[in-house]
Every structure is written in structure tokens, then in C-alpha cells.
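Student: Next come a sequence and a model predicted from it.
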Amino acid sequence: MDRRTFLTAAGTGAAALSLGAVSVSSASAVPAANTVGTTGTTGATGATGAARLAHGSNAALLRRWFRDTYRSMEAMTTDFGLAVDKIDVSGPGAPVQSRQTSPTNIGCGLWSTVAAAGLGVIDGSTMERRLERAVRAVEKLERHHGFWLNWYDAHDGSVITEWPGTNDPVRPFLSSVDNAWLVTGLRIAADAAPALRPRIGRILATADWSYYYTPYDPADPVAGPGQLRGGFWTDTGEPTGHHYGALNTEPRMASYLGIADGSLPADHYWHLLRTMLPEHEQEQHPQGAYVAMDGVRVWQGHYTHRGRKIVPSWGGSMFEALMVPLFVPEAEWSPRSWGLTHRRYVRGQIEHGMEEARYGYWGFSPANIPEGGYQEYGVDALGMQVDGYASNTDRTYTTDGAPLPPPSAFTNGVVTPHASFLALPYAPDEAIANLRALDRDFGAYHAGYGFRDSVNVSTGRVSDYMLALDQGMIAAALAQALRPGLLQRPFRTGGFRSRVRPLLVKERFSI
């Protein structure tokens, strides 16, 4: 999958990738987490919503959705033990598997299997057998510096050097964010299957996140931003030209993992950007203030979207903001910052689909283009990137301060079901109603395998594919809705509790 990045060589805002945080000599006092707040500012909404989903009238529906979604993950899993990147469900027979897989896809397969056992879809012995087969396959994969390459043949574990179908050359690449999702899956597998812990421990022992880290250099914060690189090409050892600078994006999972295991310093968190600096070009001129956090001068910026203050993502998609909290309880540990911006972000997505573009449906995130291909969908105004991710294939953008385009301008709008599942903790009733409507009006639900990847709500064209990443997010979201905390224990204990949680408790977004 394409990854959301800050490109340090592009545009007048390039320096903002690294200049968001500057060391200072002393930290300001930060009050302890306040668990009491006004309506809409605590983490209780997510917990209450999850409890209601797990035991309410929709529980049976969610369980059916999970069972079918897990069947799609089973259909994606090869005899070698790895989940492929996608399956084609357009034919009358069995789904057709792709050849390729990635670290992210493998991680999705691991945690989906643990969720299936936790929800009673498979028994414990089946879970252990499937996890062992997957771990055995992972042990055989070629690695560099303790990490996995971006593309393997899911059927035999060989490194892909030519793209299936086109034979275009594929350079071997170590992606920080994709490796984060495989490590996430392995940690969940080790927690669920004690017999596998020694083997998984040996695998993870060499995965040192400092490999991707450029230490902070106060003399040159552009060259030394205190952030993670996107990755390295192993054929030359060349790094990407960019670092992952935006905080509210999916690469923060790699940051959390590294801080938790001690391979990254805690102040790395404060060197990530809530918005780009106010002097740099971005989607909206941010408001906010500089504050000192643990000795780091942090620009606590925010955007205002439809009257609500938020911390934007990079492109405006749902999964950038909301994949990580499937595992790390950000809203619980940081209710007035992470919890609040997550709920407002979901509200912005809903209102874009229902009011601004008037699609009648909502939920915008990178997905298969129903007519073929792949595109990053989102709500442009919720991201920092100028002309970021549009909600339609035709890419209708909005401009801050200018009138919105009329609804008729949003042609070929594409809604992806996984975005609604990510919204379940924050808007459960609306998420379920949206998913029901996608099934009712477009036949987006495949009986037996779950939701197809995307729908062109302008033409009614439904995707022929299911993607492991998107099905994996759906499985994790349903697990959290039906059995809160099922996949979260590895990220509530150990270094996550002792090193990551204190950072989120201190967080004070300017929203």
C-alpha cells in the first residue's frame, strides 16, 4: 500500500517537516490527566459505545459481520501461512488470491486470527495452529537489520523483484510503518499463544527502531528532526528523502513501539508535528501556541473544521487517524486531547459525506478504486497537505477560506466500509446505519466474506476486491466493539504503560 509521507524536497513547507519541535532548557509544568470533563471531552464516549455495541441489539449483526470478515481472511491465507494482499471475489467460484503480500498484510492476518478465537469463531487449538504456521513462515522470510522487506510472494516466501502482472522491477525496501504493523501482529500473537512467545521474542529481538531514527539536532533540525525515516532501500542502503513528521498519522504506531521497547527516546513523541508550523504552506493556517513539553519546545497547533478544533492528519483519511487506537488506547489515556480530536475527526468525515458533498453516505480512506486501481481517499480539509486526499476519484478539493464547491462537483465519490468500522467507538449508531445503507443500496456486502472494499456512490459500482489491510482493520474494530480490549493487552502493559502512557497523559492539544 502507498504510505502517507512528508516529502522533504517538495514545496515551500518542506522545512516544517523537521522544525516543529525545538529543544529548550526547561519543561513547563503539565497537570496530571483529568478524567472529569464536560460532555464530549472525555474518553467515556468510546467506552460506553463499545459496551452498548457488545451487548445491544446490534451485537448479533456485528458478530455476523465479523464471522464473514474472518472468512475473507481465511480465503486470503495461503498454504504457506501468510495473508495475501487482496482477493478478487467477482467470479462465481472461490476468491482469487493475489501473489504478493507485505508486512502489514501479514500482521493483519495474525491479529484477525487472535480476534477470531477471542470471539469464539475458531477454537483455541485452531488459533494456535494457524499462528504457528504463520510464525514459521515469518521466520523464513528474508530480513535486513531485523526488519522485513515490503513485498514477498505469499505462496512461498520469496522476495518479489518483479511486480505480478506487469513485471515492473521492485526494489527491496524496508518500510518503517509497514514493519510496525507486522510487529503489532506478532506482539498480539505472542500474548495470545504463550507457546509461541520464545520464538516471537527471538524474532523481535533484532527489530531495533533506532535504525529508522534520525536523532534530533538543535543546530540543524531539518537534517536532524528527531523523527523516523520512511525507510531504506536495501540494494543501496539509501534512505528515503523524507521523515514521518505528522503525529496524527498511522506511522505513529512505529513511534509508540520504539518508545515502548526503549529503542527510541521518549522525546521523539514531542518532535512530531500536530500541524506544520504557521509560517509554512499547508491546508489551513493553524492556530495554537508554543509550549514546553519535557524540555522540548512544541508547536501545539490545530485547525478549525466546521467550527471544531482538531489536530489534522496528513491527507484527511480515516485510517491515518484511527487505525492506531484500535490497539493503543489513546482516547482513554488522553481523553481531552486524543479522545476529543478523534471524535471531532469522525464528525468531520460524516458531515462531509452527508452535508458538503451530499453523497448520502460517508467514510473516506485509501481503498481500491471500484473501477480498478488504488487511491488515497479522504476529506481534504482534515489533512495538512495542500490538495490532500479527496473524497472522490475525480479529486474535487476544497480551499480554506473559499466557498465550498457545490455538491454537484463531487463526482465519482468513493466510500470504503472500513472507514465506518474505524468510527464505531465514536459514532456507533451512525456507523452501523451507514454500513447498512451501503449494503441495502449497493449490495456492498458479500454474503460469506463481508464488505467489499469500496463503492462508487455516484454510479453504484462496487469493488470486486477485498484487501487484507482493510479487512484487518474491520476485524480489529469489530473485536474492540464486541470484546473491548481483546487485542489491546500488549499495548496496555510493559513499556506501553510505563513509557507511552505518560506521554499521552501529558498531551495537551490546543483544541
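Tutor: That came through fine. It should be emphasised that the depicted structure is a prediction, and the values quoted were computed from it without experimental measurement. Numbers count the residues shown, from 1 in each chain.
Student: hey, C-alpha coordinates of stretch 217-234 in CSV?
Tutor: Extracted in CSV, the C-alpha atoms of stretch 217-234 (Å, rounded to 0.1, in the frame of the first residue of the first chain):
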residue,chain,number,x,y,z
ASP,A,217,20.0,18.1,16.2
PRO,A,218,19.2,21.5,17.6
ALA,A,219,21.9,23.0,15.3
ASP,A,220,20.2,21.6,12.2
PRO,A,221,16.6,20.4,12.9
VAL,A,222,15.9,19.9,9.2
ALA,A,223,18.7,17.3,8.8
GLY,A,224,18.2,16.0,12.4
PRO,A,225,14.5,16.2,13.1
GLY,A,226,14.2,13.6,15.8
GLN,A,227,11.8,11.6,13.6
LEU,A,228,11.6,8.3,11.8
ARG,A,229,12.6,7.9,8.2
GLY,A,230,10.1,6.3,5.8
GLY,A,231,12.6,3.5,5.2
PHE,A,232,15.6,2.3,3.3
TRP,A,233,16.3,0.6,0.0
THR,A,234,18.5,-2.4,0.8
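Student: ok now do Val328, which residues does it touch?
Tutor: By C-beta atoms under 8 Å, 6 or more residues apart in numbering, Val328 lies in contact with 253, 256, 488, 491, 496, 500. To be clear about C-beta, it is placed using only N, CA and C from the backbone, and glycine gets the same treatment.
Student: residues touching the fifth one, list them.
Tutor: Put plainly, it is Phe496. Phe496 touches 256, 260, 328, 490, counting by C-beta under 8 Å, 6+ apart.
Student: how about a cut-off of 6 Å?
Tutor: Counting by C-beta atoms under 6 Å, 6 or more residues apart in numbering, Phe496 makes contact with Ala260.
Student: Name the SS class of it, please.
Tutor: With DSSP: H, G, I helix; E, B strand; the rest coil as the basis, Phe496 sits in helix.
Student: Just give the nearest non-adjacent residue to the residue nearest in space to the middle of the chain, would you?
Tutor: The centre of the chain sits closest to Met323, judged by C-alpha atoms, centre = their mean, with a distance of 3.3 Å. Spatially, and ignoring its direct neighbours in sequence, Met323 is nearest to Glu250 (5.2 Å; C-beta to C-beta, 6 or more residues apart in numbering).
Student: Just the pLDDT at the one you found, thanks.
Tutor: Looking at Glu250, its pLDDT reads 98.
Student: Same question for Ala54.
Tutor: pLDDT, read off for Ala54, is 72.
Student: Then Ser18?
Tutor: According to the model, Ser18 scores 34 on pLDDT.
Student: Likewise for Ala21?
Tutor: Looking at Ala21, its pLDDT is 39.
Student: out of all of them, which strand in the chain is the longest?
Tutor: strand 296-305 (DSSP state E).
Student: elements contacting it?
Tutor: strand 21-23, strand 287-293 (3 or more C-beta pairs under 6 Å, 6 or more residues apart in numbering; DSSP states H and E).
Student: following that strand, which helix or strand shows up next?
Tutor: Later in the chain than strand 296-305, the nearest helix or strand by DSSP states H and E is strand 308-310.
Student: mean confidence score for that next one?
Tutor: Mean predicted lDDT for strand 308-310 stands at 98.
Student: That one pairs with which strands?
Tutor: Neighbouring strands of strand 308-310 in its sheet, by DSSP bridges, are strand 296-305 (antiparallel).
Student: if I pick Asn179, what's in contact with it?
Tutor: 103, 147-148.
Student: so which of the residues you listed comes closest to Thr416?
Tutor: Among the contacts of Asn179, Pro103 lies closest to Thr416 (C-beta to C-beta), at 21.5 Å.
Student: List the contacts of the closest one.
Tutor: Applying C-beta under 6 Å, 6+ apart, the residues contacting Pro103 are 148, 178-179, 182.
Student: Could I get the pLDDT score of the nearest residue to Pro502 once chain neighbours are set aside?
Tutor: In space, and not counting its chain neighbours, Pro502 is closest to Ala266: 8.0 Å by C-beta to C-beta, 6+ apart. Note on Ala266: pLDDT of 98.
Student: cool, the one 3 residues further on as well?
Tutor: The per-residue pLDDT reported for Tyr269 equals 98.
Student: going forward, begin numbering at 19 instead of 1
Tutor: In the new numbering, first residue 19, that becomes Tyr287.
Student: from memory it sits against Pro520, does it?
Tutor: No - between Tyr287 and Pro520 there is no contact under C-beta atoms under 6 Å: 10.0 Å.
Student: ranges for the helices of the stretch 119-268 of the chain?
Tutor: For the stretch 119-268 of the chain, the helices defined by DSSP state H, counting those that start in this stretch occupy 121-136, 142-158, 194-210, 215-222.
Student: Below-threshold pLDDT in the stretch 19-168 of the chain: ranges please.
Tutor: 19-69 (pLDDT under 70).
Student: all strands for it, in order.
Tutor: Using DSSP state E, counting those that start in this stretch, the strands assigned to the stretch 19-168 of the chain run over residues 39-41, 104-106, 114-115, 118-119, 161-162, 165-166.
Student: could I get those strands as a markdown table with mean neighbour count and distance to Glu374?
Tutor: Formatted as a markdown table, the strands of the stretch 19-168 of the chain follow (neighbours: other C-beta atoms under 10 Å; distance: least, C-beta to C-beta, whole Å):
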| stretch | mean neighbour count | distance to Glu374 |
| --- | --- | --- |
| strand 39-41 | 20 | 33 |
| strand 104-106 | 21 | 30 |
| strand 114-115 | 17 | 37 |
| strand 118-119 | 26 | 36 |
| strand 161-162 | 15 | 45 |
| strand 165-166 | 24 | 40 |
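Student: follow-up on the earlier one: could you look over the helices and strands packed on strand 314-323 and pick the most buried one?
Tutor: Using mean count of other C-beta atoms under 10 Å, the stretch among those with the largest mean neighbour count is strand 39-41, at a mean of 20.
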